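S.K.: Any chance you could fold what I've pasted below:
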Amino acid sequence: MNIQAYADPDDLPASEAARVARLLAIDEPDALSDVQLARRVSRGLLPLAAAALAEVLGRNRVVGPVVPEATLRRARRARKPLSRELSERLYEVGRVVDAVGRAYHGNRDAIDTFLNRPHPLLDGETPFDMARSSSAGADAVLNLIRRAEAGIAS
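M.R.: Reported below is the predicted structural model:
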């Protein structure tokens with residue numbers, strides 16, 4: 001899914017699961033429930049998920065920092081899914097990209113600035129680095145976004 005799709009909220013699926021599934025190029029994203037998406041992630045996402053997220057964030061932000069290039073290459077050649085750990089990492093970054101995309105209405109410059117600028121409420125880490133570090137890191141970024149939307153953080 002193109003990040004510009006967030007410019008018009010009426011064009012986006014209502015559920016977070018469907019939006020994140022679209023970002024990760026998962027088949028039939030609009031039909032997925034939260035539980036079905038969780039099962040897909042736990043079984044391992046296809047390498048296509050990393051490529052789709054790389055289209056949104058840039059290859060150098062995904063291949064290497066989120067999924068090692070050699071691992072991605074091996075999975076593509078073997079036509080096998082990525083490990084559960086790497087799939088979960090892609091999912092967590094996808095959740096953050098979804099939330100930032102909605103908060104900034106698809107404005108690529110604002111999204112990039114937010115994700116890549118050190119933030120004082122994240123102890124000086126960038127939201128992107130915090131999100132890719134762990135599920136708890138992604139939750140910290142999501143909480144920051146929610147607080148900002150509520151007018152509590154900046």
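S.K.: What separation is there between R73 and A51?
M.R.: To A51, R73 is 12 Å away according to C-beta to C-beta, to the nearest Å. All C-beta spots, glycine's among them, are computed from the backbone N, C-alpha and C.
S.K.: Out of the two, name the residue with the larger neighbour count.
M.R.: A51 (17 against 12; other C-beta atoms under 10 Å).
S.K.: So that one belongs to a strand, correct?
M.R.: No. Under DSSP: H, G, I helix; E, B strand; the rest coil, A51 sits outside any strand and is assigned helix.
S.K.: My guess is it contacts L24. True?
M.R.: No. In this structure, A51 is not within contact of L24 by C-beta atoms under 8 Å, at 9.7 Å.
S.K.: residue contacts, the residue most central in space within the chain?
M.R.: Centroid-nearest residue in the chain: G94, 1.3 Å away (criterion: C-alpha atoms, centre = their mean). By C-beta atoms under 8 Å, 6 or more residues apart in numbering, the contact list for G94 reads 20, 23-24, 53.
S.K.: If we only consider the residues you listed, which is nearest to V100?
M.R.: L23 (11.2 Å; C-beta to C-beta).
S.K.: Could you check how many residues crowd around that closest one?
M.R.: If we define neighbours as other C-beta under 10 Å, then L23 has 27 of them.
S.K.: Also N116?
M.R.: 13.
S.K.: residues contacting it?
M.R.: So N116 contacts 126-128 (C-beta under 8 Å, 6+ apart).
S.K.: Among those residues, which lie within helices?
M.R.: Among the contacts of N116, the ones falling in helices (DSSP state H) are 127-128.
S.K.: any idea which of the contacts of N116 has the most stuff around it?
M.R.: Of those, with other C-beta under 10 Å as the count, P127 tops at 25 neighbours.
S.K.: Now that residue: closest residue in space that isn't a chain neighbour?
M.R.: V141 (4.6 Å; C-beta to C-beta, 6 or more residues apart in numbering).
S.K.: secondary structure class for that neighbour?
M.R.: Quick answer, by three-state DSSP: V141 is helix.
S.K.: Next: the one 4 residues further on.
M.R.: The three-state assignment at I145 reads helix, by three-state DSSP.
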